[in-house]
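Novice: Have a look; sequence and predicted model below, questions after that.
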Amino acid sequence: MFEAKYHWVAASAVDETEIKNLSQALKVDSLTARLLLQRGVKTPAEAEIFLNPTLAQIDDPFKMHDMQRAVERIQQAIATGEQITIYGDYDVDGISSTAVVYEALMELGAKVDYYIPNRFKDGYGPNLERYQQLIQEKTELLITVDNGVAGASAVEFAQKAGVDVIITDHHALPAKLPAAYAIVHPRYPGSEYSCPNLAGVGVAFKLVSALLDEVPQEMLDLVVLGTIADLVDLTGENRALVKFGLLALQQTQRPGLLALAANAKLDLTQADPETISFGLAPRLNSLGRLASGQPGVELLTTFAEDKAAEIATKIEQLNQKRQQETEKITTAAMNQLTNNGGRHLVNVVAGADWNPGLVGIVASRLVEKTQRPTLVLGIDAKTGLAKGSGRSIAAFDLFAALDPQRQLFEAFGGHQQACGLTIKKDQLPQLQRVLDQAAAQQQIKTAGKDKLVIAASLSITEIDPKLIKQINLLQPFGSGNPAPTFSFTDFNVVQPRMIGKKKNHLQFKLQGEKHSITAIDFFAGEQGEAFIRQPTAFKFVGHLTLNRWKNQLNPQIMVADLACDSPVVIDQRTLKLSRKLFQQSATYFFFEERHYKLLKTYLPLNGQLVIGKKQLLSQHFARLVIVDCPPSISEGEQIFSQLQVDQLELIFYPFNLQAGIKIPTRTELAQVYRYVVNHQQIQITNNVEKMAAYLQVKPQQLNFILQMFFEAGFVKIDNGLMTGCTSQRKIDLTKLDSYRSRLQQLKSEKILIQGKSAGLTNWILRLLTN
């Protein structure tokens, strides 16, 4: 059994007449019309605005708070030759924001430089020591981009030192705002701005538009980077910025973007949001995560191809290192969560020397796996400080939980769904308590999983490139305008397999009446392995995309969620035990205690132990591993028909394997009988091997025959000495308990040890679900 990560809900019903009318008016198919109506787009006029954004949807920048004041101060600085420093941030949004403002100020003839804070030395946002240094180096005006509202102390210092600070930011506003010269923010209290969800680069772009007195379309290829990477709501003005930004990116001549794309094997002429989310953004982010984001601005603004190629190559190397280190931290963090038994509604995990630049990625992965808000922190052994990132779920406002507790932190900033923070190591238990209390207050226990809206159910036969192109009219997809999720019918699953270098992605085909469609589920892990064994037990939902291969466009399903309501049986039978089989956090069951004693050093510290079927049948197990083999088929049937389990793994190690030892023939029985009758007082303890060699039978076979003879009275054993006995009465050896027991054991082994995987797992599944 594998629970769905999300709570699947059907999209709100829409009127069929409305679908028909909108479809006819727009000349689109009924599915596209349905999707528009589900998104609240009800009239042809609204649809025209939604489907075809224009530059007219980009709002007047002077509607934003303090914009006029900020522009006048910057114009003054340019006119008088003041040294302007742009203080950015180390993620894609911050790097692209810095590049946008830097290009504009250079165009206006400003004396300008930029500084991207070092994640490890400076932390997030305005850093007091760094501000002091910049002012000592003759900075006369500071402009923050994608940060600033959380830096009250640094801003106050600069203002008192006679250096004005203009803040452009989009992060959540704290209760007490910095005393800056100007705060340009789309959600400033009382602001009339129409798009409150601009990214940092969106706010920077508004500042530049105000300074240049035009919409600088040549910068939209930079604007789209930060807007997509920062996962802001893609409605209203953001939708227009992304639409035109993607067009600009498809035609970009920036050497840096072209070199970055070439190394990533990306075709920018076909750029879409995924090109940024999974291609360009992770690479640009790797700079700030592992080194310095400063070269990122140079990459985006340089016109020197050789310099661009040099920086892009360095970025590609850093990105590969990022992937490797992220995998290690994720594994260690998951082990921590497993060991604490999921006692908290908010996950807090920390580790020595976990790279603070990577913990945000890990936090996102843990939220995906556990469906709980998660903070992941790296502890610096020298300073005793833990730096980390938090990611949340829809039901929990992370910023609201932590903003009132700023006294706990050395640094803190963020918004509802994400945060960055620095805290003393010994304050981590208090941080966990604060989050537990906030979780109770926000009632996330009863809020349940995040919802995943299922737009429609589609037959495989109706899916083709034409349909997907119609759906793609609703792009760009993202927060606020998610890619539609569908369920599917009329197919058989064929060719399921794990792919990728680490074999951690699931791929399968849905075979319909006319054609098949490939589906892929990235990072499917254990679920993927279970799906391969029992594809019919799973249900899934996903998004439709077009995969370009050899200049052909083929429909493809990107699996969004996968679930299995019935128990999952995983066959791990082996005749050679290794410690790798016992690394998982699970309950390990032994039929016999003597078998446990032989293997107890193999069991993981975070594993549970059950011995004997009485304890086995008295509780429900999330994950159960049966280590030894059931004594018989009948006992196996009895146990599996009563067992309550989500995932059952079968090792079935045969500690006393009888396979290959057949039921003895009449000839073998007669041969051994003659021998024992003709030999008296045989020292049985030490001579079985010699007897077996003489009689040309296997020692195990001889032991079994002697066991039968002892039961039948053909031999007597006294003090280790065996004596044959002649008998006149006829005895049916097949009626003996020892014979029947052996027959039953061989039958059990044939099914439980030697049986084909599909047959065994299906048999057990039937028993589990009867």
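Specialist: Looks like it came in fine. Since the structure is predicted, the reported quantities are computational estimates derived from the model, not experimental observations.

Novice: care to break this structure down by domain?
Specialist: Under the assignment named as automatic domain parsing, the residue ranges that make up the domains of the chain are 7-52+450-564, 56-317, 343-447, 568-657+753-768, 666-748.

Novice: Which stretch among those domains is buried most, on average?
Specialist: Of the domains of the chain, the one with the most neighbours on average (mean count of other CB atoms under 10 Å) is domain 56-317, at a mean of 21. No exception for glycine: its C-beta is placed from N, CA and C like everyone else's.

Novice: ends of that domain, how far apart?
Specialist: Using CA to CA, to the nearest Å, the end-to-end distance of domain 56-317 comes to 41 Å.

Novice: And it, how far out from the chain middle?
Specialist: Centroid separation for domain 56-317 versus its chain: 29 Å, with CA atoms, centre = their mean, to the nearest Å.

Novice: got it, and stretch 753-770?
Specialist: Centroid separation for stretch 753-770 versus its chain: 31 Å, with CA atoms, centre = their mean.

Novice: swap in stretch 464-471?
Specialist: For stretch 464-471, the separation from the chain centroid amounts to 28 Å (computed by CA atoms, centre = their mean).

Novice: where are the low-confidence patches of the stretch 201-350 of the chain?
Specialist: Scanning the stretch 201-350 of the chain for pLDDT under 70 picks out 341-342.

Novice: looking at the domains of the chain, which is closest to residue 330?
Specialist: Residue 330 lies closest to domain 343-447 among those, at 5.1 Å (CB to CB).

Novice: hmm, back to that, out of the domains of the chain, which gets nearest to residue 328?
Specialist: Closest approach to residue 328 among the domains of the chain (CB to CB): domain 343-447, 8.9 Å.

Novice: Export the domains of the chain as CSV, with columns for distance to residue 324.
Specialist: CSV is the format used below for these (distance: least, CB to CB, whole Å):
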stretch, distance to residue 324
domain 7-52+450-564, 11
domain 56-317, 11
domain 343-447, 10
domain 568-657+753-768, 20
domain 666-748, 46
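
Novice: Among those domains, which comes closest to residue 325?
Specialist: Among the domains of the chain, domain 343-447 comes nearest to residue 325, with 5.7 Å by CB to CB.

Novice: how far does that closest one sit from the chain's center?
Specialist: 17 Å.

Novice: Strands along the stretch 101-250 of the chain, start to end?
Specialist: 111-115, 141-145, 164-168, 182-184 (DSSP state E, counting those that start in this stretch).

Novice: Same list (those strands) but as a markdown table, adding distance to residue 450 and mean pLDDT.
Specialist: Output for the strands of the stretch 101-250 of the chain, formatted as a markdown table (distance: least, CB to CB, whole Å; pLDDT from 0 to 100):
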| stretch | distance to residue 450 | mean pLDDT |
| --- | --- | --- |
| strand 111-115 | 38 | 98 |
| strand 141-145 | 31 | 98 |
| strand 164-168 | 31 | 98 |
| strand 182-184 | 32 | 98 |
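
Novice: Distance to residue 423 added to those strands, as JSON lines?
Specialist: Listed next are the strands of the stretch 101-250 of the chain as JSON lines, based on distance: least, CB to CB, whole Å:
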{"stretch": "strand 111-115", "distance to residue 423": "25"}
{"stretch": "strand 141-145", "distance to residue 423": "23"}
{"stretch": "strand 164-168", "distance to residue 423": "24"}
{"stretch": "strand 182-184", "distance to residue 423": "26"}
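
Novice: closest to residue 460 out of those?
Specialist: Proximity to residue 460 (CB to CB) singles out strand 141-145 among these, at 47.5 Å.

Novice: Can you give the contact residues for the helix or strand residue 349 falls within?
Specialist: In the assignment (DSSP states H and E), residue 349 maps to strand 347-352. Here strand 347-352 makes contact (CB atoms under 8 Å, 6 or more residues apart in numbering) with 329, 332-333, 336-337, 366, 370, 372-379, 381, 386, 388, 425, 428, 431-432, 435.

Novice: same deal with stretch 514-527?
Specialist: Contacts of stretch 514-527 (CB under 8 Å, 6+ apart): 2, 460-461, 463, 491, 494, 498-499, 504-510, 528, 531, 540, 542, 547, 554-559, 562, 564.

Novice: So which of these sit within strands?
Specialist: Of the contacts of stretch 514-527, the ones assigned to strands by DSSP state E are 494, 498-499, 505-510, 540, 542, 547, 554-559, 562, 564.

Novice: where does the stretch 551-700 of the chain have low pLDDT?
Specialist: Residues of the stretch 551-700 of the chain that meet the criterion pLDDT under 70 lie in 605-606, 657-661.

Novice: Now do the helices for it: every range, in order, please.
Specialist: Secondary structure of the stretch 551-700 of the chain by DSSP state H, counting those that start in this stretch: the helices cover 593-599, 613-616, 633-640, 666-677, 684-695, 699-712.

Novice: elements contacting the first one?
Specialist: Here helix 593-599 touches strand 608-611, strand 620-628, going by 3 or more CB pairs under 8 Å, 6 or more residues apart in numbering; DSSP states H and E.

Novice: Any idea which of those strands gets closest to residue 240?
Specialist: strand 620-628 (47.6 Å).

Novice: Show residues contacting that closest one.
Specialist: With contacts defined as CB under 8 Å, 6+ apart, strand 620-628 is touched by 572, 582, 584-592, 595-596, 599, 643-655.

Novice: so what strands line up beside it?
Specialist: Sheet pairing of strand 620-628 (DSSP bridges) gives strand 587-590 (parallel), strand 644-653 (parallel).

Novice: Distance to residue 258 added to the helices and strands packed on helix 593-599, as TSV?
Specialist: Below are those laid out as TSV (distance: least, CB to CB, whole Å):
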stretch	distance to residue 258
strand 608-611	55
strand 620-628	48
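
Novice: what about those strands, which gets the closest to residue 48?
Specialist: strand 620-628 (51.5 Å).

Novice: Give me the subset of the contacts of strand 347-352 lying in strands.
Specialist: In strands, defined here by DSSP E, the members of these are 374, 375, 376, 377, 378, 379, 386, 388.

Novice: Doesn't residue 4 lie inside a strand?
Specialist: No: per DSSP: H, G, I helix; E, B strand; the rest coil, residue 4 lies outside any strand segment and is coil.

Novice: Look up how far residue 138 lies from the residue lying closest to it once chain neighbours are set aside.
Specialist: Leaving out its chain neighbours, the residue that sits closest to residue 4 by CB to CB, 6 or more residues apart in numbering is residue 563, at 3.7 Å. From residue 563 across to residue 138, the span is 61 Å (CB to CB, to the nearest Å).
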